[in-house]
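> Take this sequence and fold it.
(one chain, ligands or ions: 1)
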Amino acid sequence: MVFYLLKKDPAELKELGSRIASLKDSLYTCSECGNISEADPCPICSDVLRDRGTLCIVEDIEDLVSFEQAGIYNGVYHVLGGRVSPFDDEELSEESVAFLLSHIRALNAREVIIATNPKMEGDLTYYTLLEVLKEASGLREDLKITRLAFGLPVGGSIEFADRMTLHTALESRVEATLGKGDIL
Ligand SMILES: [Zn+2]
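Have a look, this model is predicted:
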């Protein structure tokens, strides 16, 4: 990184330096979703074109950014900012659970998508969240709780998939619909 910066124009470097120095002063944690942005609420929470009935729970902001960069999701997010990981002695704090539940209630969400990572910590976090949601009051009776599917990477091949990936792909299989317009 230093070599890259040394090639830059000095004025540009100064500008970059002052931006880095003021980074923390100009950023806020969104009081609705936990995202970080230059405004509170963040641009996602204040976007009226977003579907505020669908809430996607992510472990951290990097995961939110990945969804946003992909441009594939039009609901809102909730950043947990933590996970359940016994090896690292990590738990979901009471505050973070309360923050999540108040967000779901405020939105009167129809669907909560639990987008934790497909690994052990993500599984534990998923099951912990399921328990939390099952026992919570003030949520919609018909609240739909979903989890991202696991499976084969798009463009990959079955031949090179490991046993665990094949197993989860088989478990996450979806039913084909033979509606009009389907290519057979
Ligand atoms: Zn937000």
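> quick one: R173 from the ion, how far?
To the ion, R173 is 34 Å away according to Cβ to the ion, to the nearest Å. (Glycine included, C-beta is placed from N, CA and C.)
> SS state for that residue?
Three-state assignment for R173 (DSSP: H, G, I helix; E, B strand; the rest coil): coil.
> and it, how many neighbours?
Other residues within reach of R173, judged by other Cβ atoms under 10 Å, total 10.
> For it, grab phi and psi.
phi -60, psi 150 (degrees, to the nearest 10).
> got the contact list for whichever helix in the chain runs longest?
Determined from DSSP state H, the single longest helix within the chain is helix 120-135. With Cβ atoms under 8 Å, 6 or more residues apart in numbering as the test, helix 120-135 has contacts from 57, 59, 80, 83-86, 90, 92, 97, 100-101, 104, 112, 114, 116, 139, 143, 145, 147.
> After that helix, which helix or strand is next? Please name it.
strand 144-147 (DSSP states H and E).
> Can you pick out the ones from the contacts of helix 120-135 that are in helices?
Secondary structure from DSSP H places V97, L100, L101, I104 of those in helices.
> out of those residues, who's nearest the ion?
L100 (12.9 Å; Cβ to the ion).
> Surely the closest one touches I57?
Yes - between L100 and I57 there is a contact at 7.0 Å, judged by Cβ atoms under 8 Å.
> which neighbours do the two share?
In terms of Cβ under 8 Å, 6+ apart, L100 and I57 are both contacted by the residues H78, L80, L129.
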